[in-house]
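*Asks:* Give me a model of this one.
(one chain, ligands or ions: 1)
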Amino acid sequence: MCGIVGYLGFRRADEVIISSLKRLEYRGYDSWGVAIGNGKLSLVKKVGAIGDVEEYSIGDGTLGVGHTRWATHGKPSESNAHPHTDCKNNIAVVHNGIISNFQMLKEKLIEEGHEFKSETDTEVIPHLIEKYYKNSIEDAVINCIVNLRGSYAFVAMCANERKLVACRYKSPLILGVGDKEFFLASDVTAILEYTSRIVYLQDGDIVILTDDGFKILNDCVEVDRQIELVPWGIKDAKKSGYDHFMIKEIHETPKVVEDTLSEYVSDEIELDVSFAAGISEILIIACGTSYHAGLIGKYVIEGLTGIPVRVEYASEFNYHPLLVGRPLAIAITQSGETADTLEAMKKAKKFGARVVTITNVLGSTATRIADHTLYIRAGPEICVAATKSFIAQLIVLYVLALKLANLPRHEINELILELKLIPERIQRILDAKDEIEKIAKRLAKFENMMYVGRGIGYPIALEGALKMKEISYIHAEGYPAGELKHGPFALLGEKTPVIASVIEDPTYEIMLNNIKEVKARDSIVVAIANEDDKEIDKYVDWVVKVPKTNPMFSPITQSVALQILAYYTAKERGCEIDKPRHLAKSVTVE
Ligand code: F6R
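*Replies:* This is a model prediction of the structure:
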């Protein structure tokens, strides 16, 4: 939610900031703004998508800040767009997070004579800095943050100082270190074009940037933070000839599966699971697509190990956080920054759980809260809708389940071999994507859809429906196929196609019966089924064929097919796809 950028160096700051903001647009994109300092502040604020640098004369300074916004306090408008400034337009601030006590601070500042120009919580920050400013932005910021409650990552600058001061508390912020230049950003993808040397800032850190270097304070003491080299390159953050990041990222899945597998598996599984010693229960906490990965993980872990697995939406767990015995909590989060998931991790820790996170982002907050981190190797995911990262999360869950399973060695080896064939199977789905596109074009005219599955097919249906609704804006619901007759049948008919996840496991026969019941209610049925399944053709209207695999791994192949189906349906409807309305990639507020 919201992306922030700061630059101090030798290049034109407006160019660096706008290009970095464009890479952060997936965090929010209802309005944006840039401030450049060069003796005085030059400010541009606009509603809508980030423009090109040539369109605006922002100023030719080499120091500045920028922001792309996802509205929380105050509607999208130029006055609510960041940077926010003090009364004299001397101090500029870009902020991500929520200042929970802003109302009280604002009233006090107004009483003291400060004039506010926006409805945002952020605006209290430049006014507080103004209040404390004597001759040093650094000192004024330190005095300002004592007053703030809530969460923040912000960057502040003052027109007459060649300095940037940034603070991080419960919202993401990284420092990029170049050669005689420095970058601040909400995440690494923003600045990959310029540097891959990154300092992952920690809660309470205050960074002071000048031409001579950087200094980090925490609790008023100067601290050392390591510079890490991120393994991602700029090509990861570009569309590289694809129409959208979403389809590019789906195409990257075979490689992502290979990379993630090779992290944990060679001839056998090389995953240290000492964190799971003696556990009585596993709790999986996550949001959205990551939650669906957790649901699939439940079927797989319980099926292979017999360890009971509870899966909770992090946002719900936070309000009834009960754990008994010696639980292991697994927090699944692509970004490592989802506020609800981070809070749930902390709650689980308080209850004595050991906490493991499965995440994509090196140094993210989740990795710092967790006792142990299992990285997926998905590379940057720019499209708001998660695709390749979801499949990589599944891979880690499969590897974990196999490692915890008490199966004969030859059975484990067979399953590992099967997993190693997954990239090739996904590639075959990608090679045949035109067939899926044809079905998507027919589905694009509908406004409602029902996704159904049984057993492990049920979370596949949930994820398929989520992908469809978020990018095509078609109302899509995921349901256990057996539950349709307990209510949702009332919605079926020729205007509501049903997408059925058909798995060749013990649910197969009963799933065919459910499909026949649906057909009897005049709904079009699209089945996602194995390529050698001839039977299914008799009962449904269209079939998306996927390569046969062990049924346990069918969530991978079926989900890739459903991602492609959602993509082409949304494309046919002319939707934004990479940046669906009202959504942001990193949900850093609860
Ligand atoms: C949907 C999607 C979201 C995220 C959710 C959690 O396509 O991407 O539902 O899965 O916001 O995000 P992370 O995994 O970063 O915690």
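*Asks:* Got phi/psi on whichever residue of the stretch 201-350 of the chain sits closest to the ligand?
*Replies:* The minimum distance from the stretch 201-350 of the chain to the ligand, using Cβ to the nearest ligand atom, falls at G288 (1.9 Å). Heads up, the C-betas are built off the backbone N, CA and C, glycines and all. Backbone torsions of G288, given as degrees, to the nearest 10, read phi 50, psi -130.
*Asks:* For it, which non-adjacent residue is spatially closest?
*Replies:* L466 (6.9 Å; Cβ to Cβ, 6 or more residues apart in numbering).
*Asks:* residues in contact with that neighbour?
*Replies:* 288-289, 292, 476, 478 (Cβ atoms under 8 Å, 6 or more residues apart in numbering).
*Asks:* Could you identify the helix or strand that succeeds the helix or strand encompassing it?
*Replies:* Assigned by DSSP states H and E, L466 belongs to helix 457-472. Sequence order places strand 475-480 as the next helix or strand after helix 457-472, per DSSP H and E.
*Asks:* among the contacts of L466, who's most crowded?
*Replies:* H292 (30 neighbours; other Cβ atoms under 10 Å).
*Asks:* Is it in a helix, a strand, or coil?
*Replies:* helix (DSSP: H, G, I helix; E, B strand; the rest coil).
*Asks:* you'd agree it is up against L462?
*Replies:* Yes. In this structure, H292 is within contact of L462 by Cβ atoms under 8 Å, at 5.3 Å.
*Asks:* partner residues bridging the closest residue to R69 other than its chain neighbours?
*Replies:* In space, and not counting its chain neighbours, R69 is closest to S31: 4.7 Å by Cβ to Cβ, 6+ apart. Beta-bridge pairing for S31 (DSSP bridges): V47, R69.
*Asks:* hang on, S31 packs against G74?
*Replies:* No. Checked against Cβ under 8 Å, the pair S31 and G74 is beyond contact range at 10.1 Å.
*Asks:* who has more neighbours, these two?
*Replies:* For S31 versus G74, neighbours defined as other Cβ under 10 Å are more numerous around S31 (24 against 16).
*Asks:* for that one, what are its contacts?
*Replies:* 45-48, 68-69, 71, 76-78, 80-81.
*Asks:* what secondary structure does G66 sit in?
*Replies:* Three-state assignment for G66 (three-state DSSP): strand.
*Asks:* going forward, begin numbering at 22 instead of 1
*Replies:* Sounds good: first residue 22 from here, last item G87.
*Asks:* In three-state terms, label the closest residue to it other than its chain neighbours for me.
*Replies:* In this structure, G87 finds its nearest non-sequential neighbour in I38, 3.7 Å apart by Cβ to Cβ, 6+ apart. On the three-state scheme (three-state DSSP), I38 is labelled helix.
*Asks:* likewise I549?
*Replies:* strand.
*Asks:* Would you check that it makes contact with V581?
*Replies:* No. Contact criterion Cβ under 8 Å: I549 and V581 do not qualify, at 10.1 Å.
*Asks:* Show me what from the protein comes close to the ligand.
*Replies:* 308-311, 354-356, 359, 362, 406-407, 487, 491, 608 (Cβ under 6 Å from any ligand atom).
*Asks:* now do 8 Å
*Replies:* 307-313, 353-359, 362, 380-381, 405-408, 410-411, 414, 487-488, 491, 604, 606-608 (Cβ under 8 Å from any ligand atom).
*Asks:* buried subset of these?
*Replies:* Neighbour-count burial (16 or more other Cβ atoms under 10 Å) applied to the residues of the chain next to the ligand gives 307-313, 353-359, 362, 380-381, 405-408, 410-411, 414, 487-488, 491, 604, 606-608.
*Asks:* can you give me the strands in the stretch 372-521 of the chain?
*Replies:* 375-380, 393-396, 469-474, 496-501, 519-522 (DSSP state E, counting those that start in this stretch).
*Asks:* Point out the most buried one among those.
*Replies:* Comparing these by mean neighbour count (mean count of other Cβ atoms under 10 Å), strand 519-522 comes out on top with a mean of 29.
*Asks:* Tell me which strands it pairs with, and in which orientation.
*Replies:* When DSSP bridges is applied, strand 519-522 pairs with strand 469-474 (parallel), strand 546-551 (parallel).
*Asks:* Distance from the chain centre to stretch 577-595, please.
*Replies:* 19 Å (Cα atoms, centre = their mean, to the nearest Å).
*Asks:* do stretch 440-459 as well
*Replies:* Stretch 440-459 sits 24 Å away from the centroid of its parent chain (Cα atoms, centre = their mean).
*Asks:* just stretch 262-273 next, same as before
*Replies:* How far stretch 262-273 lies from its chain's middle: 16 Å, per Cα atoms, centre = their mean.
*Asks:* And the average pLDDT for it is what?
*Replies:* For stretch 262-273, mean pLDDT rounds to 96.
*Asks:* That stretch spans what distance, first to last residue?
*Replies:* 13 Å (Cα to Cα, to the nearest Å).
*Asks:* Quickly list what L64 is bridged to.
*Replies:* Here L64, judged by DSSP bridges, has bridge partners A56.
*Asks:* Keep only those of the buried ones among the residues of the chain next to the ligand that are in helices.
*Replies:* Counting by DSSP state H, those place 309-313, 362, 410-411, 414, 487-488, 491 in helices.
*Asks:* Show me the two of those residues that sit farthest apart.
*Replies:* T362 and K488 (19.6 Å; Cβ to Cβ).
*Asks:* could you dump the strands paired with strand 519-522 to CSV with mean pLDDT?
*Replies:* Below are the strands paired with strand 519-522 laid out as CSV (pLDDT from 0 to 100):
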stretch, mean pLDDT
strand 469-474, 98
strand 546-551, 98
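*Asks:* could you redo those strands as a markdown table and give each row distance to K191?
*Replies:* Below are these laid out as a markdown table (distance: least, Cβ to Cβ, whole Å):
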| stretch | distance to K191 |
| --- | --- |
| strand 469-474 | 35 |
| strand 546-551 | 40 |
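*Asks:* circling back: quick one: pLDDT of the residue nearest to G309?
*Replies:* Reading off the model, L487 has pLDDT 98.
*Asks:* For M470, see how far away it is.
*Replies:* 12 Å (Cβ to Cβ, to the nearest Å).
*Asks:* which neighbours do the two share?
*Replies:* With Cβ under 8 Å, 6+ apart as the test, L487 and M470 both reach A497.
*Asks:* Poorly predicted segments of the stretch 22-171 of the chain, please.
*Replies:* 22, 49, 74, 94 (pLDDT under 70).
*Asks:* And the strands in it?
*Replies:* 24-29, 52-58, 62-68, 84-90, 105-106, 112-120, 171-179.
*Asks:* Of all these, which one is nearest A426?
*Replies:* strand 171-179 (39.7 Å).
*Asks:* Now do the buried residues in that closest one.
*Replies:* So strand 171-179, judged by 16+ other Cβ under 10 Å, has buried residues 172-179.
*Asks:* before we move on, the earlier item: out of the strands paired with strand 519-522, which is closest to P572?
*Replies:* Per Cβ to Cβ, nearest to P572 of these: strand 546-551, 9.1 Å.
*Asks:* Check the offset of the closest one from the chain's centre.
*Replies:* So, by Cα atoms, centre = their mean, the centroid of strand 546-551 is 29 Å from its chain's centroid.
*Asks:* So V539 sits against V547, correct?
*Replies:* No. The pair V539 / V547 is not scored as a contact, 10.9 Å apart, by Cβ under 8 Å.
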